[in-house]
Every structure is written in structure tokens, then in C-alpha cells.
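**Q** Sequence below, structure please.
(one chain, ligands or ions: 2)
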Amino acid sequence: MAMCSTQLNSQFLSFFPAKPRFFVSIKATSASTPKDDDIPASIGFLGLGIMGTPMAQNLIKAGRDVTVWNRTKSKCEPLISLGAKYKSSPEEVAASCDVTFAMLADPESALDVACGKYGAAKGMSPGKGYVDVSTVDGETSKLICEQIRATGAHFLEAPVSGSKKPAEDGQLIFLTAGDEVLYEKVASLLDIMGKSRFYLGEVGNGAAMKLVVNMVMGSMMASFSEGLVLSEKVGLDPSVLVEVISQGAISAPMYALKGPSMVKSSYPTAFPLKHQQKDLRLALGLAESVSQPIPIAAATNELYKVAKSHGLSDQDFSAVIEALKVKLQQ
Ligand SMILES: NC(=O)C1=CN([C@@H]2O[C@H](COP(=O)(O)OP(=O)(O)OC[C@H]3O[C@@H](n4cnc5c(N)ncnc54)[C@H](OP(=O)(O)O)[C@@H]3O)[C@@H](O)[C@H]2O)C=CC1
Ligand SMILES: O=CCCC(=O)O
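**A** Ligands and ions are numbered 1, 2, ... in the order given. Okay, the predicted model is just below:
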């Protein structure tokens with residue numbers, strides 16, 4: 001059985017199972033804060049979408065030396081005006097920085113930005129580090145890791161739980177795995193962007209944890225959507241359903257946050273629906289790899305695919321409810 005040691009005074013929690021080794025640190029730790037000389041002096045940030053922009057912004061606001069790159073250059077401008085430097089390729093960013101973070105849309109873009117023609121790996125060398133915070137599958141993460149380590153640099157996968165607002169507020173949860181030396185080196189940077197960080201051992205474990213979490217989240221949202229549309233169909237007020245759920249055993253911050261706008265058919269994008277469907281697809285692949293049936297997630301994935309086919313890809317994932325409102329052709 002796993003042993004657990006808790007030091008609440010220093011807000012540091014450690015768990016020491018026989019295998020794999022993993023631990024969690026909660027922000028404002030003293031036990032795991034590295035010495036100043038170990039903290040990377042220059043930080044690269046690749047991918048400035050909904051998540052990457054506020055994450056990079058928090059690093060800049062904390063006084064860090066940040067260099068940015070994004071496929072669509074215009075998204076770099078707000079960060080440049082806050083003091084960020086700019087380079088015109090991932091390779092140049094990686095070559096000029098001690099540690100480079102990447103927050104890309106999906107496995108294809110994460111792989112291309114890391115390992116493509118002008119990819120970050122080309123600018124890597126011993127002593128540097130690459131931290132991929134995108135949500136991808138373990139296989140992609142391992143491919144990127146291989147290319148980065150081949151240059152002598154270190155690799156950490158570190159997908160995040162938490163959406164746009166937690167990213168803005170520096171309240172993300174990092175699910176890391178890979179080179180522990182790099183984990184220690186970037187700990188203080190993760191603490192600027194997040195409220196806690198888990199170190200989960202070998203590359204692939206962070207990706208797997210993230211996919212399992214988002215698989216549960218996608219199914220919860222689909223089930224909640226069914227409840228809202230069914231309550232309305234039988235003559236109940238869905239706003240009252242949101243309130244009833246908030247007071248009971250199945251209450252969840254997500255329902256309280258998204259419910260009121262879903263009732264008004266409003267879906268301001270925090271987590272794009274296309275990314276939720278990507279995560280369900282990747283979770284299905286993960287389950288397939290170990291022959292684990294996940295029938296709820298499989299059905300949920302179909303619902304998100306229907307939502308995408310109705311043009312809802314770039315809406316918030318809560319717009320999945322619209323897929324249940326579509327009238328069947330007579
Ligand atoms: N939004 C959320 O709540 C959360 C998202 N995530 C995950 O984080 C990642 C980023 O999410 P988010 O910021 O919301 O996504 P966005 O869609 O807002 O941003 C995606 C980023 O990837 C870049 N990109 C896409 N395709 C390519 C490509 N082929 N080559 C180079 N760059 C590319 C985009 O560049 P460009 O600007 O040029 O399009 C943009 O910088 C995803 O993996 C997502 O699943 C994780 C936690 C929460
Ligand atoms: O990957 C997106 C996660 C969104 C969230 O955790 O709220």
C-alpha cells in the first residue's frame with residue numbers, strides 16, 4: 001500500500017508509493033523552492049491561444065525574461081507590449097532561452113512545433129529544457145521527448161487542469177512527468193502559473209492523467225446537458241435544476257459556472273469544444289491500448305462529434321447541449 005506523508009505547515013504533500021514515484025506540491029511551498037541560481041533566467045513560450053497568452057502574461061508580470069512565438073504573429077503583440085521579446089521561429093526561441101514552454105492545440109501541432117523543420121528541437125542543446133504543457137497523447141509526448149533528449153536537453157510534459165480563468169489567475173494544476181531535474185528547475189515558474197503541481201514519473205503519465213480527467217469532465221458535461229434539456233421538455237425550469245444540483249451530492253464548480261449561461265444558450269469560449277472532443281478521442285485511444293471498456297466516454301465522444309458537425313467547434317464545450325436540441329428530420 002502507498003505510504004503518505006503530509007506536512008501541512010509547509011503546505012507540501014508527498015506520497016511515496018513503491019512504483020511509480022510521484023508527488024504533489026501545493027503553491028507557496030518552501031520545501032521545494034529551488035535556489036535562485038537554478039531558476040531559468042530566460043523563458044521561451046510557444047503557442048499564444050486562450051491558455052498560452054495568460055500563462056505567458058503571468059510570467060512577464062512576475063518579472064521574468066520571456067521570449068514568445070506564435071504561428072499567427074499578431075497574437076504576440078499584446079505580450080510584446082508587456083515587455084516580451086519576439087523570435088520568428090520555435091527554433092530561434094529555443095536557441096535563445098534556457099527553458100521553453102509550449103502550449104499547442106493538439107498532437108499534430110505539438111509535434112510540428114517541437115520537431116518540425118524550424119522546430120524547437122533544432123535550437124535545443126545540453127543544459128536547456130523543453131516543457132510541453134499542451135494536452136496530447138502519451139505517444140506524441142514520448143516522440144517529442146525522444147527528439148528533445150537527443151539534443152542533450154531535458155524534457156517535461158506538463159498538461160494543465162483548469163481553464164481560461166484559472167490560467168489568468170495563476171491557479172492551474174500541472175500534471176507533470178519526465179526529467180525530474182527539469183521539474184525541479186521550473187518549479188518556481190509552474191508556481192507563478194499554477195496553484196499546484198503533480199510529478200507523476202515517466203513521460204506519458206502526465207498525458208494519461210490529463211486525458212482521464214478530461215474524459216470524466218466531458219461525460220459530466222454531456223450528462224448535465226441531458227438533464228437540462230430533459231427538465232425543460234417535461235415543463236421544469238432548468239435554472240431551478242441548476243440550483244437543486246448545486247445543493248446536493250453531485251454539485252460541482254463546473255455546473256455552477258456553466259449552468260446559468262447554458263440555460264440562456266450562451267457559450268462564451270473558455271475551453272473550445274473541438275479540444276474537448278480531441279481529448280475524448282485520445283482517451284478512447286488510451287483505453288484501447290489497455291483493452292479497457294469506456295462505453296460512457298465512447299457515447300459522449302459521439303455527441304461532441306455531432307456538435308462539431310453543427311459548427312460548434314470553436315464555441316465553449318458546454319455548447320455540446322445544442323447537439324441534443326437538434327430536431328430529427330421527419
Ligand atoms: N482552453 C482551455 O480551457 C484548456 C485547454 N487545454 C489544452 O491546451 C492546449 C491549448 O488550448 P487553447 O489555448 O485553449 O487552444 P487555442 O485553440 O486557443 O490555441 C491553440 C494554439 O495552438 C496553435 N496552433 C494550432 N495549430 C497549429 C499548428 N499547426 N502549428 C503551430 N501552431 C498551431 C495556435 O496558433 P494560432 O494562434 O496561429 O492559431 C494557438 O497558439 C490544447 O491542447 C487544449 O486541449 C488545457 C486546459 C484548459
Ligand atoms: O482541458 C481543459 C480543462 C478545462 C478545465 O479543467 O476546466
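
**Q** List the contacts of the residue of the chain found nearest ligand 1.
**A** Using C-beta to the nearest ligand atom, the closest approach of the chain to ligand 1 is made by residue 49 at 1.9 Å. (Glycine included, C-beta is placed from N, CA and C.) By C-beta atoms under 8 Å, 6 or more residues apart in numbering, the residues touching residue 49 are 70, 75, 103, 105.

**Q** Just read off the phi/psi values of the residue in the stretch 201-330 of the chain that ligand 2 sits nearest to.
**A** For the stretch 201-330 of the chain and ligand 2, the shortest gap (C-beta to the nearest ligand atom) falls at residue 271, measuring 4.5 Å. Main-chain torsions, residue 271, degrees, to the nearest 10: phi -120, psi 110.

**Q** thinking again about what came up before, can you pull the phi/psi pair for the residue of the chain closest to ligand 1?
**A** Residue 49 has phi and psi values of phi -90, psi -150 when expressed as degrees, to the nearest 10.

**Q** Look up how far residue 167 lies from it.
**A** Residue 49 sits at a distance of 10 Å from residue 167 (criterion: C-beta to C-beta, to the nearest Å).

**Q** For beta bridges, what are the partners of residue 129?
**A** Beta bridges link residue 129 to residue 99, residue 154, judged by DSSP bridges.

**Q** Just the pLDDT at it, thanks.
**A** At residue 129, the predicted lDDT confidence score is 98.

**Q** Grab the most central residue of the chain for me.
**A** residue 160 (3.1 Å; C-alpha atoms, centre = their mean).

**Q** Any idea what the closest residue to it other than its chain neighbours is bridged to?
**A** The shortest distance from residue 160 to any non-neighbouring residue, by C-beta to C-beta, 6 or more residues apart in numbering, is to residue 172 (4.3 Å). Taking DSSP bridges as the rule, residue 172 bridges to residue 194.

**Q** contacting residues around residue 172?
**A** Residue 172 sits next to 55, 160, 161, 162, 166, 193, 194, 195 when contact means C-beta under 8 Å, 6+ apart.

**Q** I'd like these as TSV, with pLDDT and distance to residue 276 appended.
**A** Formatted as TSV, those follow (pLDDT from 0 to 100; distance: C-beta to C-beta, whole Å):
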residue	pLDDT	distance to residue 276
55	99	19
160	98	14
161	98	13
162	98	14
166	98	16
193	98	22
194	98	21
195	98	22
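
**Q** any idea how far the residue of the stretch 201-330 of the chain closest to ligand 2 lies from residue 155?
**A** 26 Å.

**Q** ok, these two, which is more surrounded?
**A** Applying other C-beta atoms under 10 Å to residue 271 and residue 155 shows that residue 155 carries more neighbours, namely 25 against 21.

**Q** List the residues that contact the more buried one.
**A** Counted by C-beta under 8 Å, 6+ apart, residue 155 has contacts 129, 130, 131, 132, 144, 145, 148, 149, 178, 179, 182, 203.

**Q** Could you do residue 127 as well?
**A** 98, 152, 153.

**Q** quick one: which of the residues you listed is nearest to ligand 2?
**A** Closest to ligand 2, out of all of the contacts of residue 127 and judged by C-beta to the nearest ligand atom, is residue 153, at 26.3 Å.
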